[in-house]
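Trainee: Sequence and predicted structure are below.
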Number of protein chains: 2
Amino acid sequence: MHRVAVAVLAGLSVAIGGTAAAQQSDVGAYRRAHEREILGRLVDLARIPSVAAQPAELDRTADWLVGELRARGFSSRLLAAGANAPKVVFGQLDTPGAKRTVVFYAHYDGQPVTASEWASDPFVPVMRSGPLSAGAGEVDWRQAKVALDPEWRLFGRGVSDDKASIIAFLAAFDALKAAGRKPAVNIKLFWEGEEEAGSPHLAQILKDNAGLLAADLWLIGDGPAHQSRGRTIYFGARGTLGLNATIYGPARPVHDGHYGNWVPNPAARAAGLIAQMRGEDGTILIPGFADRVRPLTRDEKAAIAALPAVEPGLLRELAIGAGEGAEGLTASTMRPALNLRGIRSGRVGAAANNAIPVDAEISIDFRLVPDQTPDEVRRQVEAFVAGKGWTIVRDEPDAAMRAAHPRLIRLDWEAGYPALRTDMGLPVSRAVLAAAGRVDGYPALALPMMGGSVPIYLFQDVLKATVIGLPIVNHDNSQHAPNENLRLQNLWDGIETYAALMTELSW
Amino acid sequence: MHRVAVAVLAGLSVAIGGTAAAQQSDVGAYRRAHEREILGRLVDLARIPSVAAQPAELDRTADWLVGELRARGFSSRLLAAGANAPKVVFGQLDTPGAKRTVVFYAHYDGQPVTASEWASDPFVPVMRSGPLSAGAGEVDWRQAKVALDPEWRLFGRGVSDDKASIIAFLAAFDALKAAGRKPAVNIKLFWEGEEEAGSPHLAQILKDNAGLLAADLWLIGDGPAHQSRGRTIYFGARGTLGLNATIYGPARPVHDGHYGNWVPNPAARAAGLIAQMRGEDGTILIPGFADRVRPLTRDEKAAIAALPAVEPGLLRELAIGAGEGAEGLTASTMRPALNLRGIRSGRVGAAANNAIPVDAEISIDFRLVPDQTPDEVRRQVEAFVAGKGWTIVRDEPDAAMRAAHPRLIRLDWEAGYPALRTDMGLPVSRAVLAAAGRVDGYPALALPMMGGSVPIYLFQDVLKATVIGLPIVNHDNSQHAPNENLRLQNLWDGIETYAALMTELSW
């Protein structure tokens, strides 16, 4: 508790000085005067369908971003690993006399969409007066007079994850320029285009450009702010490892009356396997899975304890009666997770036939924590599955293969990557918290590790960089789901936080 | 063993006499001379989409059947329970001097279809040279010269379940008429149109027409013959009880990184519930579930032991490595079954998002055995689920309801009905086995209870009738699934079996 309190007080004490006030006034004033212009730029960016399925659109997005940077006096270019890989937008602007160099990371690609599940076109952003769950209707923000209602939300794929961070940076830079204030650090930008695809080329790009990317700190502009809506800094993120498993039943659907009890039921077996791997409270029952879990430090435990309680609000907001386990939200996301993303077998409801399905498919998203590695988790899971009598295959088995093995399972692993946690006690960690605190004098919320994943381990792994997270968007943004949205106040706060970290950061 | 052996020998001894030979020759000869005509009639019947979703087509089918019966000198009319209920086609033809009356049951409605999953239009029957799994191609049976290849198969919804039984009866009747031979019993026909919907009006129709339907024996022309392709008689059928269960997660999909371990995962909970209810070998773990299971008699055990072993062939045919339990197929279907018809939650494969799904849906088809009742099973399942901490609701819960109950499950029960097993030792039981054995001198296969369900309990329950099953279609007919089909040899054999039971039955 102690050391964190110090860091927080440091932030607070400085905030009482004049700098914060000054900055608030000019950055805030600039934003209020340019709200429609800032939103217009975000809408232009969000109108480009920057998804993995459309590589040409990813290229278009990258070119658009290079233009924005050059227009602001940055040197900017595209970094790529191979012709077919989405490009990284790199930008650079040195500050005369600055000793520190900070890379601002964000990604311009978004999650895939199933347009039919959206209330409006994912790539034609619309403003609504609040969340869809509240039955909010569309509003014409272009005609409305500023200041716009800060509870309005912009809906569209990528507006929140992660194009908001890019626009917040650009707006903060414009605001400082308008106020004639200079950054305190050399600025580099690293905006990638394949984060939602698991960043398969990121390591290569970092290796190929190690010199260009040299820096004292990477600030990761991705992920949602704390549910309490306070400005948030995170010091790590869980890793991720995706798995799609297929369990096989009879070669054709067979009548469950004539054959039920003798022909194996793949849906039942899928359920059994899941129940063997995961406890009711989310505990992972795979032997050895927790062996490499690094314990939380005193700082980290203290920081978690210091966070405002959000569970009661979340229970109401999500209409759930209780959390999975006894822990609070943040404590629970410090553990590894076995998430069921989906399961499919046969048919349900009115479409159900009295038949034993031919297969069952399970989609799992493991979330890893330090010091687990995807390779080790893969080995542990496969050893566990094999230990339960399953024969593991990588491709679709033929009839002979299916007939030869009573329990046959196909495992398709996604790439995945490990977690990262930066020590909250480092001078740079305290400096980031202090700078963020200077926005309005109130301490920023310190999250030891974000539950969600960003491939930030690579920056440390390949570049030995220090990595800290700077999330600005609302937690209730339907990230990775239909009707993704951005709450305006989060964008406005984010602009001021970015401005503070460009101008107030020193260690 | 003993008593069954006697029944079988009785059949055999009589078969050595001249009757069988005579009948074989004339019925068989008639069939060979009229194959295309018989198939044409089945195709005409199968072209009518007789499914619950199309009540007008069900009426059209019933009218068509009445016409077929009247054309053969039967008195025929429609029986109905209310204007909106599918009609029962009733027919009657008395045989001067006959002491016994036999009702031949079949149903003219078929399972629902998902046309996109079929290799050809479910209601435009096509002939193929064999099973689809063997890559069989279409053949032009109308131009081919008789005798047609008996391994050819006709594909279409209802061709096998259960329109084949209706056509087999009509063809057998025509063959006997052509040979100038009279039935040995008074014949009644009861062809219903809502069997695949669970026969919701059957009880009412039986009650309303008890006198009209009085008979010494009901022969149920439904269900597949034994996998060994031998002529089969069954003495009962399992009951059925359908359940659709919905388990609720967060009100909207939430990011499984930021919330995984705290927000309850409905797919994991659905899997857990299934694993609690059903063992790996299909054993039902719900307390008391087996209490009302009537033990098999010595005859029944002996009959099962006397059946040809079909498991090795089925393992190959279905490309499975082993049965669920250690028992053989028939023994396993003497137990109750908890069949997973399907499960759905979130998304899998390439469509998977990193989100915790909002719900999970499970479709279960319980198969019941004597003396279980649907009401009791319903009570046992709900007591079990409630005992695991679930709050059971009947309708879609609102947000307040969801927030108020940590474990909320919606249970939608289908009507369902109990099982029936007729004593194989009864004189009528032996007489049916003997008559069926006279077709070619080889004993028919005696199945104590069919794994699949037909609502035959009602005939005993309401009419106190004796009920025995007369299945003719191939077991590998994709019943209740896409590409339902009928193997021609099964239809040809069925015609001779129907002829034998009309002419050779006495007790």
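Mentor: Happy to help now that I have it.
Trainee: for chain B, what are the nearby residues on the stretch 401-507 of chain A?
Mentor: Taking Cβ under 8 Å from any Cβ of the partner chain as the contact definition, the stretch 401-507 of chain A meets chain B at A:402-408, A:450-453, A:475, A:478-482. Yep, even glycine has a C-beta here, placed from its N, CA and C like the rest.
Trainee: Can you select the buried ones from these in PyMOL?
Mentor: Burial among those is assessed by 16 or more other Cβ atoms under 10 Å in any protein chain shown; the matching PyMOL selection reads:
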select buried, chain A and resi 402+403+405+406+407+408+450+451+452+453+475+478+479+480+481+482
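Trainee: Kindly state the pLDDT recorded for the nearest residue to A:Arg77 once chain neighbours are set aside?
Mentor: Take A:Arg77 and drop its neighbours on the chain: the residue closest to it by Cβ to Cβ, 6 or more residues apart in numbering or on different chains is A:Phe90, 5.6 Å away. A:Phe90 is assigned 98 on the pLDDT scale.
Trainee: all helices of the stretch 1-150 of chain A, in order?
Mentor: Assigned by DSSP state H, counting those that start in this stretch, the stretch 1-150 of chain A shows helices spanning A:2-16, A:18-33, A:35-46, A:55-71.
Trainee: List the buried residues of the shortest one.
Mentor: Right, helix A:35-46. Buried-residue list, helix A:35-46, by 16+ other Cβ under 10 Å: A:Glu35, A:Arg36, A:Ile38, A:Leu39, A:Arg41, A:Leu42, A:Val43, A:Leu45, A:Ala46.
Trainee: Nearest residue to the fourth one in space, please, no chain neighbours.
Mentor: Spelled out, it's A:Leu39. Nearest residue to A:Leu39 in three dimensions, chain neighbours excluded: A:Trp141, at 6.3 Å (Cβ to Cβ, 6+ apart).
Trainee: tell me the contacts of the one you found?
Mentor: By Cβ atoms under 8 Å, 6 or more residues apart in numbering or on different chains, A:Trp141 lies in contact with A:Arg36, A:Leu39, A:Met127, A:Leu148, A:Trp152, A:Leu154.
Trainee: Looking at the residues of the stretch 401-507 of chain A next to chain B, which are in strands?
Mentor: Of the positions in those, A:Leu408 sit in strands, assigned by DSSP state E.
Trainee: domain parsing for chain A?
Mentor: A:2-237+A:420-503, A:239-293+A:335-413 (automatic domain parsing).
Trainee: Out of those, which gets the lowest mean score?
Mentor: Lowest mean pLDDT of these: domain A:2-237+A:420-503, a mean of 91.
Trainee: who in the stretch 1-150 of chain A is up against chain B?
Mentor: A:Gln111, A:Pro112, A:Thr114, A:Ser133.
Trainee: The first one contacts A:Ser160, correct?
Mentor: No - taking Cβ atoms under 8 Å as the definition, A:Gln111 is not a contact partner of A:Ser160, at 10.6 Å.
Trainee: Quickly list what's touching both of the two.
Mentor: With contacts defined as Cβ under 8 Å, 6+ apart, the residues shared by A:Gln111 and A:Ser160 are A:Gln479, A:Glu484.
Trainee: So those two - more neighbours on which side?
Mentor: More crowded of A:Gln111 and A:Ser160, by other Cβ atoms under 10 Å in any protein chain shown: A:Ser160, with 30 against 22.
Trainee: That one is in contact with A:Leu486, isn't it?
Mentor: Yes - assessed by Cβ under 8 Å, A:Ser160 is found in contact with A:Leu486 at 4.2 Å.
Trainee: so what's in contact with the two at the same time?
Mentor: Contacts common to A:Ser160 and A:Leu486, judged by Cβ under 8 Å, 6+ apart, are A:Val473, A:Asn474, A:Asn477.
Trainee: who's the first one bridged to?
Mentor: In other words, A:Val473. Beta-bridge partners of A:Val473, counted by DSSP bridges, are A:Pro224.
Trainee: Next, count neighbours for it.
Mentor: A:Val473: 28 surrounding residues under other Cβ under 10 Å.
Trainee: same question, the last one
Mentor: When neighbours are counted by other Cβ under 10 Å, A:Asn477 registers 24.
Trainee: In contact with the residue in chain A sticking out farthest from the centre, which residues are there?
Mentor: Each residue of chain A has a distance to the centre, and by Cα atoms, centre = their mean the biggest one is for A:His258: 48.6 Å. Listed by Cβ under 8 Å, 6+ apart, the contact set of A:His258 reads B:Gly223, B:Pro224, B:Thr333, B:Met450, B:Gly451, B:Gly452, B:His475, B:Gln479.
Trainee: Recalculate using a threshold of 6 Å.
Mentor: By Cβ atoms under 6 Å, 6 or more residues apart in numbering or on different chains, the residues touching A:His258 are B:Gly451, B:Gly452.
Trainee: Which helix or strand contains it?
Mentor: When elements are assigned from DSSP states H and E, A:His258 belongs to helix A:256-259.
Trainee: Look up how far A:Arg394 lies from the residue most central in space within chain A.
Mentor: Residue closest to the average C-alpha location in chain A (Cα atoms, centre = their mean): A:Gly223, at 4.1 Å. Distance, A:Gly223 to A:Arg394, using Cβ to Cβ, to the nearest Å: 33 Å.
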